[in-house]
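# What would the 3D arrangement of this be:
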Amino acid sequence: MAQVREGDTIRIHYVGRLEDGTVFDSSEGGASLEIKLGHGEFIKGLEEGVIGMTPGETKSIFMTAENAYGPHSREKIFEFHKDRAPQDFNPEVGQQYQMYRADGMPIVVTVLEKTETGFVMDSNHPLAGKNLTFEVTLEEIVQE
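Numbering: from 1, shown residues only. Model prediction:
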């Protein structure tokens, strides 16, 4: 029976959990996820974890933050000054917004706090710094 190798395109169903068991993402009840391995399309720990699986197999893949969404970086926290925001911009702490970097690339930020002069924003991925576990079922190897 065929086994997953780097470079294959595969379809999986998955449930992603935090260390406390909280589900943060799942494909259950929806379409499977198609991934071309080795192209950085998905997180490193998951791509490495499916190598060697066979169609129909289910596997639990644990990964540290470094192999998931990376460590939480203080450098990605910044203050967005009120004078740069639209006049009616009044976000709540915890809300997420899409902003654009100087090069035009979109980033998602989370509002951490409001200050006298603006808003403290965090542009880390919401799962940065967290160890994750994915319960993965290999649906098929689409292309070897």
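# Which pLDDT value belongs to the residue positioned nearest the centre of the chain?
The residue lying closest to the centre of the chain (CA atoms, centre = their mean) is Tyr69, at 5.8 Å. At Tyr69, the model reports a pLDDT of 94.
# For my notes, confirm it occurs in a helix.
No - under DSSP: H, G, I helix; E, B strand; the rest coil, Tyr69 sits outside any helix and is assigned coil.
# i'd like the first residue to be 225 from this point on
All right, first residue 225 from here; so that's Tyr293.
# any idea how far Gly269 is from it?
10 Å (CB to CB, to the nearest Å). Just so you know, the C-beta spots here come from the backbone N, C-alpha and C atoms, and that holds for glycine as well.
# same check, this time on Ile365
20 Å.
# which stretches of the protein have low pLDDT?
By pLDDT under 70, the low-scoring segments of the chain are 368.
# how is it carved up into domains?
Annotated domains of the chain cover 233-294+351-367, 298-346 [automatic domain parsing].
# Give the residues shared as contacts by Tyr293 and Gly269.
Leu356 (CB atoms under 8 Å, 6 or more residues apart in numbering).
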